[in-house]
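Visitor: Just need the structure, nothing else, for what follows:
(one chain, ligands or ions: 2)
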Amino acid sequence: MQKLIIFSAPSGSGKTTVVKHLLTTMSDKMAFSVSATTRKPRPGEENGREYWFLSNEDFERKVENGEFLEHEEVYAGILYGTLWSEIHKIWDQNKAVVFDVDVQGGLSLKRRFKEDALAIFLRPPSVDVLLDRLRKRSTEVEHHLQERIAKANHELSFESRYDTVVVNDVLEETFEKCEALVNGFLNT
Ligand code: ADP
Ligand code: 5GP
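Guide: Numbers count the residues shown, from 1 in each chain. Ligands and ions are numbered 1, 2, ... in the order given. Sure, this is the predicted structure:
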């Protein structure tokens, strides 16, 4: 079973929250593709769990060696990318691969894997709610927060290119909808 489940959305929409939940309830069926990034770890993040935290030089070397399936400069000067090694490791365990990637990365994965990929766009109920969640998460210094907010409006315009859109309003309902979508996809 070589399947992929892609979660994309603007920062603060709830991708990490939803993906973490699915990974606890459906760990027998799926595993997380740990991306590489050049951003610094947030408090509590561990190398190899949330991300592979790389220097710019190491990231560029991996790009040159063809180790990335896709990579994007998601924010100015900050690179993120999906490693082939993660995908093969998970497929070798006979599990589907779950991605938390930006909107461009999600669309490029969908283009490549077509019907083997389920691309879910997680939309916040409104831009105001998104801003509120981002501010409450308090993980970004102000100028990074402003960059994420500026990018959010652009990213929201891509939802129609996704297989399905889930509005993340009441978290429990979002969990149920996503579980149902993923189960439906994995059972076909
Ligand atoms: P992303 O990974 O898309 O950037 P997160 O999963 O980090 O988003 O969610 C952003 C913040 O919003 C987090 O503090 C999270 O706890 C909170 N959050 C996520 N979903 C909901 C929801 N449905 N209702 C209220 N808060 C939520
Ligand atoms: P954060 O810094 O909040 O963890 O993530 C910032 C953004 O980068 C999020 O939209 C996240 O989905 C995206 N991202 C994380 N990993 C990857 C990746 O491998 N490829 C791409 N294209 N985007 C990624």
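
Visitor: rest of the way, CA atoms for contacts and neighbours
Guide: Noted.

Visitor: which is the next helix or strand following the host helix or strand of residue 122?
Guide: Per DSSP states H and E, residue 122 falls inside strand 117-123. Later in the chain than strand 117-123, the nearest helix or strand by DSSP H and E is helix 127-137.

Visitor: This structure: helices as residue ranges?
Guide: Assigned by DSSP state H, the helices in the chain fall at 15-25, 56-64, 84-92, 103-113, 127-137, 142-156, 171-186.

Visitor: Next, the angle from the last one to helix 15-25.
Guide: For helix 171-186 against helix 15-25, the angle by axes from the mean of the first three to the mean of the last three C-alpha atoms, to 10 degrees is 60 degrees.

Visitor: Is helix 171-186 in proximity to ligand 1?
Guide: Yes - using C-alpha under 6 Å from any ligand atom, helix 171-186 reaches ligand 1 at residue 171.

Visitor: That helix packs against which elements?
Guide: Applying 3 or more C-alpha pairs under 8 Å, 6 or more residues apart in numbering; DSSP states H and E, one finds that helix 171-186 contacts helix 15-25, strand 164-167.

Visitor: which one of those lies closest to ligand 2?
Guide: Between ligand 2 and those, the shortest separation by C-alpha to the nearest ligand atom is 7.2 Å, and it involves helix 15-25.

Visitor: Could you pull out the buried residues of the closest one?
Guide: 15-16, 18-19, 22 (16 or more other C-alpha atoms under 10 Å).

Visitor: now the angle from that helix to strand 117-123?
Guide: If you take the same axes, to 10 degrees, helix 15-25 sits at 130 degrees to strand 117-123.

Visitor: Report the rounded mean pLDDT for helix 15-25.
Guide: Mean pLDDT, helix 15-25: 96.

Visitor: Give me the below-cutoff pLDDT ranges for the protein.
Guide: Within the chain, the stretches with pLDDT under 70 are 1.

Visitor: now the residue nearest the centre of it, which residues is it bridged with?
Guide: Central residue of the chain (C-alpha atoms, centre = their mean): residue 100, 1.1 Å from the mean position. Residues in a beta bridge with residue 100, per DSSP bridges, are residue 7.

Visitor: any idea how far it lies from residue 177?
Guide: The spacing between residue 100 and residue 177, counted by C-alpha to C-alpha, to the nearest Å, is 17 Å.

Visitor: what do you get for residue 110?
Guide: 20 Å.

Visitor: who's more crowded, these two?
Guide: Using other C-alpha atoms under 10 Å as the criterion, residue 110 and residue 177 rank with residue 110 on top: 21 against 15.

Visitor: Enumerate the residues of the protein near ligand 2.
Guide: The chain comes close to ligand 2 at residues 8, 10-11, 35, 71-72, 74, 80-82, 100-102, 104-105, as judged by C-alpha under 6 Å from any ligand atom.
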